[in-house]
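> Show me how the following folds:
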Amino acid sequence: MEAPLKQRLLGATVLVALAVIFLPMLLDGSGREARLDTTQAIPPEPVFDRPTTAAAPRGDATVAPDVSTPRMLQAPAPGSAREPQARPLPDNAASQPAPSAESRPPARPQPGSTPVAGGWVVQVGSFSQESNARAEAERLRQAGFPAFVERTEAEGRSLFRVKVGPELERRAAQALKARLEREQELPGIVVTHP
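You can find the predicted model right below:
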């Protein structure tokens, strides 16, 4: 080996040895105890209100749980148990018939009606002319699909998107997309609504 290389290796070895000797003296580890302080107590696990699963007898319809306003989950004071509040039912509650299928609102919007908020839709087109989008939506409504037009802004200009749906579950929207591809030969994408 050459002499300058030997000198560099010897110098590096001396510096490492000095660091090993003197660094522990400078860093005495006093911060280690502060990091490992176990005198600080871990807070207790919070207790949440859990609904009771005990069912009331079928013949007794005098008390119903109060569900009119949502309650915040709070930890009860130690030693106290929170009972669900109850309110009496009206006298005619037991004699009221269950809503029939005719009185329930339809699950899907009727063609031409405003779609419900939330869920999944199939976007089948995006048009720069509103008249083109309305014509496509009307064509789909005539074919039995609940289509509507949604106006959006992109890059400073208005776009009109034709969407079909909505469906509550993504799987149902994907089935609707497959039906559109099969029956109308329209490719589409499943997107969230609104």
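> Please count neighbours and contacts with C-alpha atoms only from this point.
OK.
> Surely residue 136 touches residue 161?
No - between residue 136 and residue 161 there is no contact under CA atoms under 8 Å: 10.0 Å.
> what ranges do the helices span in the chain?
3-26, 30-35, 130-142, 170-184 (DSSP state H).
> Same list (the ones you listed) but as TSV, adding mean pLDDT, mean neighbour count and distance to residue 156.
Listed next are the helices of the chain as TSV, based on pLDDT from 0 to 100; neighbours: other CA atoms under 10 Å; distance: least, CA to CA, whole Å:
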stretch	mean pLDDT	mean neighbour count	distance to residue 156
helix 3-26	90	11	63
helix 30-35	62	9	56
helix 130-142	94	17	16
helix 170-184	92	16	30
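> wait, which of those helices is closest to residue 155?
Checking the helices of the chain against residue 155 by CA to CA gives helix 130-142 as the closest, at 16.8 Å.
> Tell me the helices and strands packed up against the closest one.
Helix 130-142 sits against strand 120-127, strand 147-154, strand 157-167, with contacts defined as 3 or more CA pairs under 8 Å, 6 or more residues apart in numbering; DSSP states H and E.
> Parallel or antiparallel, list what pairs with the first one.
Looking back up the chat, that one is strand 120-127. Paired with strand 120-127 in the same sheet, following DSSP bridges, are strand 157-167 (antiparallel), strand 189-192 (antiparallel).
> Send me it as PDB with only the CA atoms.
Extracted in PDB, the C-alpha atoms of strand 120-127 (Å, rounded to 0.1, in the frame of the first residue of the first chain):
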ATOM      1  CA  TRP A 120     -73.900   5.700  -7.700                       C
ATOM      2  CA  VAL A 121     -74.700   6.700 -11.300                       C
ATOM      3  CA  VAL A 122     -73.400   5.600 -14.700                       C
ATOM      4  CA  GLN A 123     -72.100   8.500 -16.800                       C
ATOM      5  CA  VAL A 124     -72.700   7.800 -20.400                       C
ATOM      6  CA  GLY A 125     -71.700  11.000 -22.100                       C
ATOM      7  CA  SER A 126     -70.400  14.500 -21.700                       C
ATOM      8  CA  PHE A 127     -71.600  17.200 -24.200                       C
END
